[in-house]
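In: no FASTA, just this:
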């Protein structure tokens, strides 16, 4: 399919919050210990009712610092390493047409309209589009497979 079809309607998203942490380097490799606060927009504190009962959450972010050139890239080597096979953008976790990130992270606490998490791979100031409870029965697929090159 060359170009975008007029069959696709435009989508407008409003962030529900913003990430606050000490992270400025999006190229960081290990985010497992990174601690972040997600400050929600005014009026959303009530939407957090019941979320504290979960150990993990799914954070959907908008990679606002991703350059347009990376959004337009259709193929790349995983992690920029040409020892791996060339892949299409939708077969990679990085640069994509819509710079949406999805991260499962540990929920540490909720206070007012602030969510504290560990393991969120987003830099300070990243807009948050959504937060969902992580439910292993729905969100994990135990026998999912990945290509041989990605097994580490």
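Out: Cool, got the structure. Note that this is a predicted model, so its numbers are computed, not measured. Numbers count the residues shown, from 1 in each chain.

In: hmm, residue 31 is touching residue 118, no?
Out: No. Proximity of residue 31 to residue 118 does not meet the contact threshold set by CB atoms under 8 Å, at 9.1 Å. All C-beta spots, glycine's among them, are computed from the backbone N, C-alpha and C.

In: residue 57 against residue 36, yeah?
Out: No. Shown here, residue 57 and residue 36 do not form a contact pair, counting by CB under 8 Å, at 11.3 Å.

In: and those two? which has more neighbours close in?
Out: residue 36 (26 against 21; other CB atoms under 10 Å).

In: give the contact list for the more buried one.
Out: With contact set as CB atoms under 8 Å, 6 or more residues apart in numbering, residue 36 has these partners: 19-21, 23, 105, 116-118, 120, 122.

In: what packs against the lengthiest strand in the chain?
Out: Longest strand in the chain by number of residues, with DSSP state E as the criterion: strand 100-111. The contact analysis (3 or more CB pairs under 8 Å, 6 or more residues apart in numbering; DSSP states H and E) places strand 100-111 against strand 56-62, strand 114-118.

In: show the subsequent helix or strand relative to the helix or strand of the chain with the lowest mean pLDDT.
Out: Lowest mean confidence among the helices and strands of the chain (mean pLDDT, DSSP states H and E): helix 68-72, at a mean of 87. The helix or strand immediately downstream of helix 68-72 is strand 75-76, counting by DSSP states H and E.
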